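**Q** the sequence isn't on hand, but the structure is:
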């Protein structure tokens, strides 16, 4: 619920731009859908604010040692499956364009916002569609929205 980012898109952008960083989401929203979205967007860990400070500090130590920490899920998730696999091949620029597309932006608006030419946006969209295995904007948006909590 950041003022300058919608949903978990900031996490996805950070993961794309900082692939080796340890990304931890600490949130008061501990619903399974949010946890799954954090995992899909590339988080290394998800810590709920309901944990004690001692638990959070200990978990952060474990995360810095390379452990991935997520609360138990009702249904197991394949960490390489779903939306994460679909976006894994996108470049940071393509990811930014996909996020803008999911936010309902038109090609012209995306080009203006990212300070690139509209044909460049169209070229990126063609590549995005191919990488996601979709054939149009609507299908790409549906894939992108898998990354966002409901």
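**A** Nice, I can see it. Just so you know, these numbers come straight off a predicted model, no measurement behind them.
**Q** the protein: helices as residue ranges?
**A** Taking DSSP state H as the test, the helices found in the chain are 9-17, 32-40, 53-64, 82-88, 92-102, 107-114, 118-132, 137-145.
**Q** low-confidence bits of the protein, can you list those?
**A** Across the chain, the stretches falling below the confidence threshold (pLDDT under 70) are 1-9, 75-86, 88, 146-150.
**Q** the domain parsing of it - what is it?
**A** Domain segmentation of the chain under automatic domain parsing yields 9-79, 84-145.
**Q** could I get those domains as JSON lines with mean neighbour count?
**A** From N, CA and C alone the C-beta is placed, and that goes for glycine too. Listed next are the domains of the chain as JSON lines, based on neighbours: other C-beta atoms under 10 Å:
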{"stretch": "domain 9-79", "mean neighbour count": "15"}
{"stretch": "domain 84-145", "mean neighbour count": "16"}
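**Q** how about the nearest residue to residue 32, chain neighbours excluded?
**A** Nearest-residue entry for residue 32: residue 73, 5.8 Å, with adjacent residues in sequence omitted and distances by C-beta to C-beta, 6 or more residues apart in numbering.
**Q** quick check on that neighbour: phi, psi?
**A** For residue 73, the backbone dihedrals are phi -110, psi 150 (criterion: degrees, to the nearest 10).
**Q** thinking again about what came up before, can I get the helices of the chain in JSON lines with distance to residue 46?
**A** Output for the helices of the chain, formatted as JSON lines (distance: least, C-beta to C-beta, whole Å):
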{"stretch": "helix 9-17", "distance to residue 46": "10"}
{"stretch": "helix 32-40", "distance to residue 46": "5"}
{"stretch": "helix 53-64", "distance to residue 46": "10"}
{"stretch": "helix 82-88", "distance to residue 46": "14"}
{"stretch": "helix 92-102", "distance to residue 46": "20"}
{"stretch": "helix 107-114", "distance to residue 46": "29"}
{"stretch": "helix 118-132", "distance to residue 46": "25"}
{"stretch": "helix 137-145", "distance to residue 46": "19"}
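**Q** out of the ones you listed, the one nearest residue 23 is which?
**A** With distances scored as C-beta to C-beta, the stretch of these nearest to residue 23 is helix 9-17 (6.0 Å).
**Q** check which helices and strands the closest one sits against.
**A** Secondary structure elements in contact with helix 9-17, counted by 3 or more C-beta pairs under 8 Å, 6 or more residues apart in numbering; DSSP states H and E, are helix 92-102.
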